[in-house]
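Undergrad: quick one, fold the following:
(chains A and B)
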Amino acid sequence: MFLLCRDLWRNQHPFFGAISLALGILVTAGANAADVLQPQVNKPVSFVNEVIPVLTKSGCNVGVCHAKAGNGQNGFQLSLLGFEPAEDFDHLVREARTRRLFIGAPERSLLLLKASGQVAHGGGVRMSTTSEDFALLTAWIRQGAQYDGAIAPKLSSFEVQPDHGSIQRQQTQQLKAVARYSDGTERDVTGMALYESNDRAMAEVSERGLVKILDLSGNVAVMVRYQGQVAVYSASVPLGAPVVNVPAAKNFVDEQVFSNLIKLGIPPSPVCDDATFLRRVTLDIGGRLPTEAESAAFLANQDPNKRDAAIDELLRSPDYADYFANKWTALLKNRRDDSSDIVSNFAFHAWVRDSLLANKPYDQFVRELLAATGTVIGNPPVAWYKRVKEPKQQLEDVAQLFLGVRMQCAQCHHHPFERWSQDDYYSLAAFFSQVGRKPSSTRGEDLIFHKRGIAVANNMKTGAALKPAALGDAIPDITADEDPRLKLADWMASRNNPFFAKSLVNRYWKHFFQRGLIEPEDDIRDTNPPTNPALLAALEQQFITSGFDLKDLVRVITRSHAYQLSEVPNEYNLVDRQNYSRYYPRRLQAEVLLDAIDQLAGTQTDFTNLPPGTRAVGLPDNSYNQSSPFLRVFGRPEGESVCECERVQSSSLAQSLHLINAPDIKAKLASPTGRAERLAKDPRPIEDRIRELYRSAFSREPRPDELKTAQAYLTEAAISADGKPVDPQKALRENFQDLIWALINTKEFLFNH
Amino acid sequence: MTDRKNTIGCRNRAGMEPEGSHPRLCYLLLFVALQCLPGVLFAQSVGLPAPRLLTTMPMGGRAGTQVEVTISGENLDNVDQLAFSDPKITAAPKLNAAGQPEPNKYVVTIAADCPVGLYEARVMTRLGISSSRAFTVGNLAEVSQTRPNTTLATALELPLNSICNAAMTQRAVDHYVFEARQGQRLIVDCATRGIDSKLDAVVIIADAAGRDLLVERRGGVLDFKVPADGKYVIKVHELTFKGGPAYYYRLGLWELPADAPIVRQPSTQPVNSFSWPPHGLPAQAAIAEVEPNNDRTKAQKISLPCDIAGNFFPAADVDVFEFEAKKGEVWWVEVGSERFGLPTDPAILVQQVTRMGDVEKLTDVAEFSDIPSPVKVSSNGYAYDGPPYNAGTSDILGKLEIKEDGVYRLQLSDLFGGTRNDPRNIYRLVIRKAAPDFALVAWAMHMELRNGDRNAVSKPLALRGGATMALEVVAIRRDGFDGDIELAMDGLPEGVTARGLKIPAGQSRGLMLVTAHQNAPRAIGSAHFTGRGTINGEAVIRPCRLASMAFPIPDAWNEVPSPRLFADIPVSVSGIDFSPITVSPTSSDMLTVVAGQKLTIPLTHVRRSEFSGATMNLRTMGAVFDRAPAFDIQLTADTSQAVLDTAALKAPPGDYLIAFYGGAVAKYRHHPEEIPVAEEARRKVEQELMAIEAEVTKLTEAAKAATAENKPEADKLVEAATAKQKSAAAALVAATARVKQVTDAANPRDIADIVVSEPIAIRVTPAEQK
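TA: Numbering: from 1, shown residues only, chains lettered A, B, ... in the order given. Got it, this is the predicted structure:
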């Protein structure tokens, strides 16, 4: 199971690789260990509080080594990160005919021979024979290899010192990890703790807890783990540049963003021009380019509030609903696995889209989904239960998508980076334990109902029957008649819920700013603090106060000057990637880009079953990816997971080649009903036609140099390969095709900026 | 044909194998399965042609008007009348300018006093009465979609207070535009599934620019308060953008006062509504639920018996009722809600309330949920494994036995209502002393002939001479009624008999066999189908409703069936077409056998067709004897015999009615008598052409010989005659094509169909006591 878990983390967690690497390259505690760790080898060694931490620090009990699910590594199994010391003791001392330890000659114990590389060890050398760790393990064996789980003081708290600070670039900070025990003792466990930076581009941290700040400014956190407990060191890294000409604050978003920039000394770029704004906000809210008419009207409009008005107009439009439905249906796994799924997929997509169009409060939207009952046609959110069938899947998806909490690990073991235990996991699963199913008249679809009974789920490990509990919050007793899912929805929508609103505003923030205040956006935990906690808290509060009004949230975000900053960096903020001192350009999503190309080329993409003219952002499910190389190459998700990371937003060579040379792009350019054909026949002066193209592609007028270049190209006499002059009309048509092709391939077109 | 069932069983996702499956094993299984299938089941269609009326355009009309209706369907040869289930609606063929009937067009007259509602429309054809199509009589103006309206620019004007009859265009959105004033309350209601259409409609009200304002996708009604004076757009499309003639709809737009309740367009009844209401239930409930009655402290006090109307509103509504009851009392609890056509799933919990001081203790006494289907319902897979009709319901019918004197609480909730806020989800709760009773529903019996095809389940009762058609009859028994239910059908046309294979005591399934004798004349009758039971010593007769599918289902894998109840039961005899084979007992006398002995039944075959395959495997239907092993008869022989072992069947003494049934593949000739008609028509056209050609020759010669003065006139005559010649030549081409068409249709074609013998009466007498 941990393999699955590991794969999932590898896919979804950018730091997983770092963890594996950090643990994998641990070779030795080295001589430096003595500086901070002084094992009392002449005193009784505690298995629980000393041996296990050594094994953990040495990387013996990670998922890829002896904590691998199944049978560990080569028959020797340890619990993940030492969460189960009693089991580890059995495996070490009693298993394999007790051959792993040799009490008579401790140094000859197989455990030590392998760990020190004296005997071939697949995991390599984990400690030297002269290390403190080696000495400690030797002493424990010599003392009879006793298990002290019942008597050893319990780890009661753990902290890192300092836990926050302001630190200059290229400076270092030594962290100290302190463990406190139930007997009142305190130990410096700096050498035994595990460290991890949440942004390795900003800060590195050594295995001994030495933090080194690199060149970037902003906020960075280092997670420190020890024996199932975690602590965080948060550092503010100022740039210290003079911050002048900060745009006026339009709302609390600006106040929080700009005050953070002032604190860090990162001057923001100025507010962008009208053309850039309209294109940006239309792409971000409506998932499309502005029309030429919209651009012209907006640019001509002298109303000082025209940006706010444009935002309101976009939020009223079905384009908003189409675009955000596209986002949500992929996350909610609206996937076509069988041709008969078409009805439920279309119905589900439509339900999401209609909910957004009607601006259904987000808590109500989630409630209708979570507690869906009936038939798909009668109540389309039931389709989610067709896709996500098992309670475990249900809780994991709900936790990650709506709470920003990844519970997958806690199914099999205590979450390595979080406070979630297996009891937390199964208590959450219990909410879904009374989902009843009856066959429907539609193949592959069930009727969903609340099955009367007391909701419980069994902890897979302990067998304990657990009642519903929501991530540490007790839920009042749920009677047999009450649908526990409704109680879960109640809990989510309660004003004090620490996850629900936070998760959503962070997700939407990322939609508009490319980077979440917490990254990844669905990994909210104590050890992954937001880059701007005050802003996140303010957004969260505003969202709750608004009654979970999604359009209002979008309005608040997009009205801010912070959102409207130019993407052009100043001399200080080019490297800033987390403080929103400028707009971070990003490539258009696959669907949006396809629609934009169609809009510019004056064409339509034909999608099976759907009316001609259907936009790619309006596609109800993933099935269209199969027939569209474009959508695949540009990373349209398949609805396999609830992670936004499934959508590929990065650029690739395949994408470039596709735009340059793919048959579908060529066909659009050469379409007999397309824009190139029309413009070639258009009697207007060539300048007007070029202006139309630029307004369509970039929502702006061409600059004089662009106009001149385009004009020269379009009017150039064409000569065929055999040296004969080409028919001027044909040449003009082909030249327009070339010009459109060139515009499509500009970064200005491909990116929202 | 390939056996799709077997191939599909080996995959779960396109191109992927399920865990643990083995592709080679799948192929092996497929191979074995194909080898095992009888050869006769390949390359044939299922079900002899049956007349089916599939569309009428328009699908309704306003009372007191005449409507021109165009029909379409399958096997509608020689249509001679369009008939309705109510005499207040009549139809006559539409005549062209020459006074000749226009094909498939009728003028329908709806009497001014014809009540608003749904009626059955059918046509009488060569093969008999067709399947039905719902026809609506309304009180609003009616318009029809006259041209494509798939864009905003081509939107059709829809006047307020009118109904538009239209058919959905595939992969398109139909657009309508209307004018409205600020503050008006407008209702937009699109009738689709409720009038037999295949359309799952999405209806959208948009602004003049086509931007969506209000959307309804679940078959509901749009209640629109007009925000400002101006033009608005209604967009209609199919949920998955399907379209075609079968995807028709009646789009209604009407104004309604602000506080008036919405009355929707009429709709057909779902099959399971046959068991509602209980006999004698008043139209209005005696009392209404009173909110708040959501929790135990606010339970609504009632006394038994009771009859309560309520609704599942708001979301997650629970209605709690409290009553006192005495030890030994037995109550029957029935809830109607889903049977009203609502998407609900009522559930009841009854608890006894006891108190220890101030502490209240609740003890579960009974839980009630669904009324299960009395017979196994199809799993909707590719292979036929039960009727695709669900006589059960998610409503409630249960027995509540009171074990102790005391206070009881009954809580009623909707298992589908957790998040739904719709006050239209109503219920009726009846708690009564036992009133034993039953309700019946029937549908055309089906058996597995070829995977996927459910042709028989949508067949009308259009009998061929010599044919016996079986109807499967299912009973919902109420309040402990456990006796026999005898089945009877009268009002049949001449030469048609119906014999019911009763629903035995304690069971829920019976059969009705309707037989047209070989020489039965062409006729139609409106049958009256009833069941008879004896309750408390008195005969009780209840109607049996007939159910069928709105459309034939040639591929059950890809189509969700859409069954409904019908208002009447017309039975017809073709008088022209005959059953390929009639299997009947050689003697019509009752056969007698002593219990424990074998009974040999001589059978006579009247064969009117060739068959593919030499034998037909017959099974037995009828109480007790349906356990008899299947046996083969020779399809090339004129006689055969069946042997029934009463000892093996443990048939107790008594009178029985049985029949044999099986599947055979006939080499069916469709409409052969049309060949000479077409040939004669062709001959006439040919002769006309020859005459015209002669005329042309003559006139041409005359024109050549004409004087200069007469030449223009002569040339004109030649020109006119030549035009007639061309026209006649084209007519000959058409007539020749017609001959080919009818000849091809009349060529023997393999068609698998169900063969049911005529019923056989058996008396099992007691064995002598030794």
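Undergrad: restrict stretch B:351-361 to CA atoms and write it as CSV.
TA: Extracted C-alpha coordinates of stretch B:351-361, given in CSV (Å, rounded to 0.1, in the frame of the first residue of the first chain):
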residue,chain,number,x,y,z
GLN,B,351,-41.0,3.0,16.8
GLN,B,352,-42.7,2.3,20.1
VAL,B,353,-42.4,5.1,22.7
THR,B,354,-41.9,4.2,26.3
ARG,B,355,-40.9,6.4,29.1
MET,B,356,-38.9,5.8,32.3
GLY,B,357,-39.5,8.9,34.2
ASP,B,358,-38.5,11.8,31.9
VAL,B,359,-36.4,9.5,29.7
GLU,B,360,-38.0,8.5,26.5
LYS,B,361,-37.1,5.2,25.0
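Undergrad: contacts for that stretch next, please.
TA: Stretch B:351-361 is contacted by residues B:296, B:322, B:362-365, B:404, B:406-409, B:411 when judged by C-beta atoms under 8 Å, 6 or more residues apart in numbering or on different chains. For the C-beta atoms, the positions are set from N, CA and C on the backbone; glycine is no exception.
Undergrad: the same query, at a cut-off of 10 Å, please.
TA: The contact list for stretch B:351-361 (C-beta atoms under 10 Å, 6 or more residues apart in numbering or on different chains) reads A:481, B:296-297, B:299, B:320, B:322, B:324-325, B:362-367, B:402-411.
Undergrad: would you list the buried entries among those?
TA: B:299, B:320, B:322, B:325, B:365-366, B:402, B:406-411 (16 or more other C-beta atoms under 10 Å in any protein chain shown).
Undergrad: which ones among those residues come in contact with chain A?
TA: Subset of these in contact with chain A: B:Gln411, counting by C-beta under 10 Å from any C-beta of the partner chain.
Undergrad: so which of the buried ones among the contacts of stretch B:351-361 is the closest to chain A?
TA: B:Gln411 (6.9 Å; C-beta to the nearest C-beta).
Undergrad: please report the distance of that closest one from B:Ile348.
TA: 7 Å (C-beta to C-beta, to the nearest Å).
Undergrad: walk me through the domains of the chain.
TA: Picking chain A for this. Annotated domains of chain A cover A:2-142, A:155-237, A:361-493, A:590-752 [automatic domain parsing].
Undergrad: actually it's chain B I care about, not the one you picked
TA: Taking automatic domain parsing as the criterion, chain B consists of the domains B:4-37, B:52-138, B:141-255, B:274-279+B:436-579, B:283-372+B:391-434, B:584-662+B:764-770, B:674-747.
Undergrad: got any residues that touch both of B:Gln411 and B:Ile348?
TA: By C-beta under 10 Å, 6+ apart, the residues touching both B:Gln411 and B:Ile348 are B:319, B:321.
Undergrad: circling back: worst average pLDDT in the domains of chain B?
TA: Lowest mean pLDDT within the domains of chain B: domain B:4-37, a mean of 36.
Undergrad: nearest spatial neighbour of B:Leu400, skipping sequence neighbours?
TA: The shortest distance from B:Leu400 to any non-neighbouring residue, by C-beta to C-beta, 6 or more residues apart in numbering or on different chains, is to B:Trp331 (4.4 Å).
Undergrad: the one you found contacts B:Leu429, doesn't it?
TA: No - with contact defined as C-beta atoms under 10 Å, B:Trp331 does not reach B:Leu429; the gap is 11.7 Å.
Undergrad: and B:Ser45, how far from B:Tyr247?
TA: 24 Å.
Undergrad: oops, could you answer that again for A:Leu488 instead?
TA: 40 Å.
Undergrad: the longest helix anywhere in chain B: what's the following helix or strand?
TA: Of all the elements of type helix in chain B, the one with the most residues (DSSP state H) is helix B:711-746. Next helix or strand after helix B:711-746 toward the C-terminus (DSSP states H and E): strand B:749-756.
Undergrad: so what does that following strand touch, helix or strand wise?
TA: strand B:45-46, strand B:468-478, strand B:509-516, strand B:581-585, strand B:610-612, strand B:615-621, strand B:654-668 (3 or more C-beta pairs under 10 Å, 6 or more residues apart in numbering or on different chains; DSSP states H and E).
Undergrad: if we go to 7 Å?
TA: strand B:468-478, strand B:654-668 (3 or more C-beta pairs under 7 Å, 6 or more residues apart in numbering or on different chains; DSSP states H and E).
Undergrad: wait, a helix at B:Ala134?
TA: No - counting by DSSP: H, G, I helix; E, B strand; the rest coil, B:Ala134 falls outside a helix, being strand.
Undergrad: give me the neighbour count for the closest residue to it other than its chain neighbours.
TA: Nearest residue to B:Ala134, sequence neighbours excluded (C-beta to C-beta, 6+ apart): B:Ile195, at 4.3 Å. Applying other C-beta atoms under 10 Å in any protein chain shown, we find 25 residues neighbouring B:Ile195.
Undergrad: repeat that for A:Pro611.
TA: Residues near A:Pro611, counting by other C-beta under 10 Å: 19.
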